[in-house]
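**Student:** model this:
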Amino acid sequence: MSVKTLSVSRFMLGFLIIAVSAHSVTAEVLYVNSSDGNDANPGAKDKPVRTIAQAAAIINDSNKPGPTTIKIEPGVYCITDTVIFKNSRAYTKDNRFVIEATVLPDEPNWTPDSMPIILPTVKGEGPDTVKYATALKMEVNHATVQGIKFLGNPRPRTWGYSIFREGARLEDIVVKQCMFIGDEQAMPYNIPICVKGQGLVVDHCVFYKCDIPAIFWDAEGGVSKGNAMRYCIVDGADITAVWTCQTADDFEFHHNIVSRSEYFWMRPPKNKTTYRIQDCIVTDCRFWSGYGIAGKIYGQTGPEVAFNEEKVTKEGTVTLEKALVKPDILSVVRPKGYLHVVPSTLGSELGAGLFTESARSTKTEEHGYRKETYAYKEVDGQEILADVFLPATDKVRAAVLYIHGGGFMFGSRTGRPEKSLLDKLIEANYVVVSIDYRMAPETKLEEIGKDVTDACIWIRKQGPSLFNVYPDKLGIVGGSAGAFLATAC
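**Tutor:** Predicted coordinates for the structure are as follows:
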């Protein structure tokens, strides 16, 4: 992380900031469009490929160092054979392998129809009684899948896996802002996410009528660490909402809503770990906790299994927004809050669901400060936004500009400073401004730097009237690519 001070002699807090130099990276971006793409194309924005399988073939055969992003346009993508992502590139926490929608849920122009839909029809393998079929097999480190809707596999007697990882040595996979939707009569949804290795994070996802939304499987050596499930909605899980195998006790489970499921939590008999559950709603589940292994449910756990529960609501009914039928136009309309908790009803205050902004707003209010969002500039009719975090004081304050990382090609202002740093700045009465900026490869580095410069100018000129800051006291904090961009001001 890098910090730069401008015209300030006594500005920054007395905490340690580690400077990180941002190295130039070769970003690899492929576009997929099921309507206008062609698998003979190279995958450029104006010449997208048509299938996710072809995007995988290009990525797997490429020798570019990364980071790598596959951007999927709205449309329906039928997966007929397992798509495997596997290469030897040294991805990192900041320079990742990403599969994402071109329009993400936090963006102002997003609607449920913006989500690309993956429909797997993969033929299963195994005995005739029960076959197993995988849609996306993610055999890489430091991977993210974001903003995509997955449907169940309609094949009979087939257990379908949407996102699967078999490599027990692998680490760090984030599934974020995705929807997994099934129907027991037409399109049964078995297991959306099943991952071996370390560091599976399921964040701001919605699971509707899935058998087992997520299996946190074992890692090399047995125990898997660094896992989390947070800000998710699970409704109607036919078997269990959560399945932990040899999952370590550092498992984060908070701000989730689980309703109308058979079991809330399942584990193998040898797992007696006490897991922590925080700020959750778990209602209308038939059983709380059970034992099971692949292919067999043993029944409920006994007193030998306990949970560390903090602010867990177990009574009441969760109400979700559903599609609206409009007979006058012979159409079905999905509201922006489709399959989210109806506002002002049980669970709406938790911020669970696709939208990270609502969750962050709730958290900031709880910690005694608020967030406001502004457009600090406009380019070709597109507003570029800034989130401003304000302490609970009317005094004039200094400002800190935060610039997110992500290899110049992904990330957003919602990737604000880590909570501990943000809290320290707010407690010391600084105003923190976290900005979006345009991304490579569509935008050249010089123009990206200009966005940061314009943000600095905007804070100095507009900040005094908008959020009561000094015009000549501005600090800049950036991580990875953000540290490099901090030099633009």
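**Student:** pretty sure Y374 belongs to a strand, no?
**Tutor:** Yes - checked against DSSP: H, G, I helix; E, B strand; the rest coil, Y374 lies within a strand.
**Student:** what's the neighbour count on it?
**Tutor:** 18 (other Cβ atoms under 10 Å). All C-beta atoms are positioned from the backbone trio N, CA, C, and that covers glycine.
**Student:** Can you tell me the closest non-neighbouring residue to it?
**Tutor:** Computed as Cβ to Cβ, 6 or more residues apart in numbering, the closest residue to Y374 that is not its neighbour in sequence is A386, at 5.2 Å.
**Student:** any idea how far F410 is from that neighbour?
**Tutor:** Going from A386 to F410 by Cβ to Cβ, to the nearest Å gives 18 Å.
**Student:** Kindly report the same for G482.
**Tutor:** G482 is 12 Å from F410, by Cβ to Cβ.
**Student:** neighbour count winner among A386 and F410?
**Tutor:** Per other Cβ under 10 Å, whichever of A386 and F410 has more neighbours is F410, with 25 against 21.
**Student:** what about the more buried one, is that helix, strand or coil?
**Tutor:** coil.
**Student:** Enumerate the beta-bridge partners assigned to the residue nearest to Y374.
**Tutor:** In this entry, A386 is beta-bridged to Y374, I435, by DSSP bridges.
**Student:** ok, it touching V431?
**Tutor:** No - the pair formed by A386 and V431 falls short of the contact definition of Cβ atoms under 8 Å, at 11.1 Å.
**Student:** now the strands: where do they sit in the stretch 101-250 of the chain?
**Tutor:** 117-120, 131-138, 143-146, 149-151, 158-165, 171-176, 179-181, 191-195, 198-203, 206-208, 214-216, 228-230, 233-235, 240-244 (DSSP state E, counting those that start in this stretch).
**Student:** no, scratch that, I was asking about the stretch 251-400 of the chain
**Tutor:** 252-254, 257-259, 263-267, 275-283, 287-293, 296-300, 307-313, 324-326, 331-333, 369-379, 382-391, 397-403.
**Student:** Adding distance to R169 and mean pLDDT, write those out as JSON lines.
**Tutor:** Below are the strands of the stretch 251-400 of the chain laid out as JSON lines (distance: least, Cβ to Cβ, whole Å; pLDDT from 0 to 100):
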{"stretch": "strand 252-254", "distance to R169": "22", "mean pLDDT": "96"}
{"stretch": "strand 257-259", "distance to R169": "31", "mean pLDDT": "98"}
{"stretch": "strand 263-267", "distance to R169": "23", "mean pLDDT": "98"}
{"stretch": "strand 275-283", "distance to R169": "24", "mean pLDDT": "97"}
{"stretch": "strand 287-293", "distance to R169": "23", "mean pLDDT": "97"}
{"stretch": "strand 296-300", "distance to R169": "28", "mean pLDDT": "96"}
{"stretch": "strand 307-313", "distance to R169": "30", "mean pLDDT": "97"}
{"stretch": "strand 324-326", "distance to R169": "47", "mean pLDDT": "68"}
{"stretch": "strand 331-333", "distance to R169": "45", "mean pLDDT": "73"}
{"stretch": "strand 369-379", "distance to R169": "39", "mean pLDDT": "84"}
{"stretch": "strand 382-391", "distance to R169": "37", "mean pLDDT": "86"}
{"stretch": "strand 397-403", "distance to R169": "33", "mean pLDDT": "93"}
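**Student:** which stretch among those comes nearest T51?
**Tutor:** strand 331-333 (27.2 Å; Cβ to Cβ).
**Student:** end to end, how far does stretch 249-263 reach?
**Tutor:** Length of stretch 249-263, first residue to last, Cα to Cα, to the nearest Å: 20 Å.
**Student:** Would you mark the buried spots in that stretch?
**Tutor:** 251-263 (16 or more other Cβ atoms under 10 Å).
**Student:** just stretch 318-327 next, same as before
**Tutor:** Buried residues in stretch 318-327 (16+ other Cβ under 10 Å): V318, L320, E321.
**Student:** Put the alpha carbons of that stretch into PDB.
**Tutor:** The C-alpha trace of stretch 318-327 is given here as PDB (Å, rounded to 0.1, in the frame of the first residue of the first chain):
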ATOM      1  CA  VAL A 318     -38.600 -14.500   5.100                       C
ATOM      2  CA  THR A 319     -40.500 -12.900   2.200                       C
ATOM      3  CA  LEU A 320     -38.700 -12.700  -1.200                       C
ATOM      4  CA  GLU A 321     -39.600 -10.600  -4.200                       C
ATOM      5  CA  LYS A 322     -40.800 -12.700  -7.100                       C
ATOM      6  CA  ALA A 323     -41.300 -12.100 -10.800                       C
ATOM      7  CA  LEU A 324     -44.400 -10.000 -11.700                       C
ATOM      8  CA  VAL A 325     -46.800 -11.200 -14.300                       C
ATOM      9  CA  LYS A 326     -48.300  -8.400 -16.400                       C
ATOM     10  CA  PRO A 327     -51.200  -9.700 -18.400                       C
END
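**Student:** now the residue nearest to the spatial centre of the chain, which residues is it bridged with?
**Tutor:** Closest residue to the average C-alpha location of the chain: K176 at 2.2 Å, with Cα atoms, centre = their mean. Under DSSP bridges, the beta-bridge partners of K176 are Q146, D203.
**Student:** For D203, see how far away it is.
**Tutor:** Taking Cβ to Cβ, one finds K176 at 4 Å from D203.
**Student:** Next: P42.
**Tutor:** Taking Cβ to Cβ, one finds P42 at 32 Å from D203.
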